[in-house]
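Asks: Only the shape, not the letters, is given here:
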């Protein structure tokens, strides 16, 4: 007889991931569906990591995509340099087959690079809050994007490509959907780490900062240290999302990590609820499916739009409609449910009888 009390979230997620990977391996789900699932995983990492700052700590940051860019470029450059022959970096340092075993290593190096970059925001945050911190994070985002745009060695404004060769090298070792496996692995890792973090002493410290920073200092909470840890963890996990994003697409462009990408992160955080890990996951799923659903509506609308002689051919509704709907979601949320779908509560708070299934052991 199965003891349901032991069927915690990790066990259920493992069964779901295993079933999806098996279905993908036997081509029961096509590449498009696999890609959507992988983007859901990336968005879960982005929204849940961003929630550490904007949700649990109560700060107002706006530059999460910049740290995603650092992780994407560092991971991609290392993998191309180590495991492929390229015009930029010359002969590969290691055999391509080793990419499978070193991929997690390069991913974590990208995450560490993003975490170190997070110091750009962490240190100024010691003296600033709210709108001033938002300006600092926006500036950091622009600095990072501008830096990559002006680095011709990695493509500059043209972008950087070649990451698909890494995926092919892994598939040459064993022909299974490796990127799907890595996305599930790092998504689970992110959720597990954040869950542990917010229930730890550090997590209680950043929640105290959210409630009242001055009172937290009086109660001997080292607020500067807490902010440093929170910003570095958040930006490091965003770097992991960037590394996965780069290898899913096989191409990255600096402009993909601008303020619009950071706005997507904001929408997911506020849609799910600030300070709710379950809310971040639910919002990432809803947001990704919503954006993908627009792909089936926009082409028909574009066709009708181009039949109008007053509209120039260079105008594409697909370039505009997404950034009408995303801000509209924020407006609706602020009007009717400013706390988000979940508020600061978890699923187990809404369904107490299911609490036994939401235990990380």
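Replies: Sure, I can see it. Predicted, not measured: the structure shown is a model, and the values here were computed from it.

Asks: buried sites along stretch 230-237?
Replies: If you call a residue buried by 16 or more other C-beta atoms under 10 Å, then stretch 230-237 has these buried ones: 230-237. To be clear about C-beta, it is placed using only N, CA and C from the backbone, and glycine gets the same treatment.

Asks: Sorry, wrong one. I was asking about stretch 33-49.
Replies: 34, 36-49.

Asks: And stretch 108-123, by the same measure?
Replies: Here stretch 108-123 shows 108-115, 117-118, 120-122 as buried, counting by 16+ other C-beta under 10 Å.

Asks: Kindly check the end-to-end length of stretch 264-280 for me.
Replies: Chord length of stretch 264-280, first to last residue, is 12 Å (C-alpha to C-alpha, to the nearest Å).

Asks: Check stretch 210-223 too.
Replies: End-to-end distance for stretch 210-223: 10 Å, by C-alpha to C-alpha.

Asks: Just give me how far it sits from the chain centre.
Replies: A distance of 29 Å separates the centroid of the chain from that of stretch 210-223, by C-alpha atoms, centre = their mean, to the nearest Å.

Asks: Next: stretch 64-71.
Replies: In terms of C-alpha atoms, centre = their mean, the centre of stretch 64-71 is found 9 Å from the chain centre.

Asks: What's the mean pLDDT across it?
Replies: Mean pLDDT, stretch 64-71: 95.

Asks: hmm, who's touching it?
Replies: For stretch 64-71, contacts defined as C-beta atoms under 8 Å, 6 or more residues apart in numbering pick out 46, 49-50, 53, 110-111, 113-114, 117-118, 137, 140-145, 148, 234-236, 238-243, 245, 252, 254, 256-259, 261-262, 264-265.

Asks: Next: stretch 76-90.
Replies: Residues external to stretch 76-90 that are found in contact with it (C-beta under 8 Å, 6+ apart): 91-96, 98-99, 102-103, 106, 109-110, 153-154, 160, 162-163, 165-166, 169, 243, 246-247, 252.

Asks: among those, which ones are buried?
Replies: Listed as buried from these are 92, 96, 98-99, 102-103, 106, 109-110, 154, 160, 162-163, 165-166, 169, 243, 246-247, 252; burial here means 16+ other C-beta under 10 Å.

Asks: In strands, which of those residues fall?
Replies: Residues of the buried ones among the contacts of stretch 76-90 located in strands (DSSP state E): 160, 252.

Asks: picking that back up, which of the buried residues of stretch 108-123 sits closest to residue 332?
Replies: Distance ranking of those against residue 332, using C-beta to C-beta, places residue 121 first at 29.0 Å.

Asks: What helix or strand is that closest one located in?
Replies: Here residue 121, judged by DSSP states H and E, is contained in helix 119-122.

Asks: after that helix comes which helix or strand?
Replies: Sequence-wise, the next helix or strand downstream of helix 119-122 (DSSP H and E) is helix 130-149.

Asks: helices and strands around that next one, which ones?
Replies: helix 64-83, helix 119-122, helix 259-272 (3 or more C-beta pairs under 8 Å, 6 or more residues apart in numbering; DSSP states H and E).

Asks: Return, as residue ranges, the portions of this structure with sub-threshold pLDDT.
Replies: 1-10, 129-130, 296-320, 351, 353-361 (pLDDT under 70).
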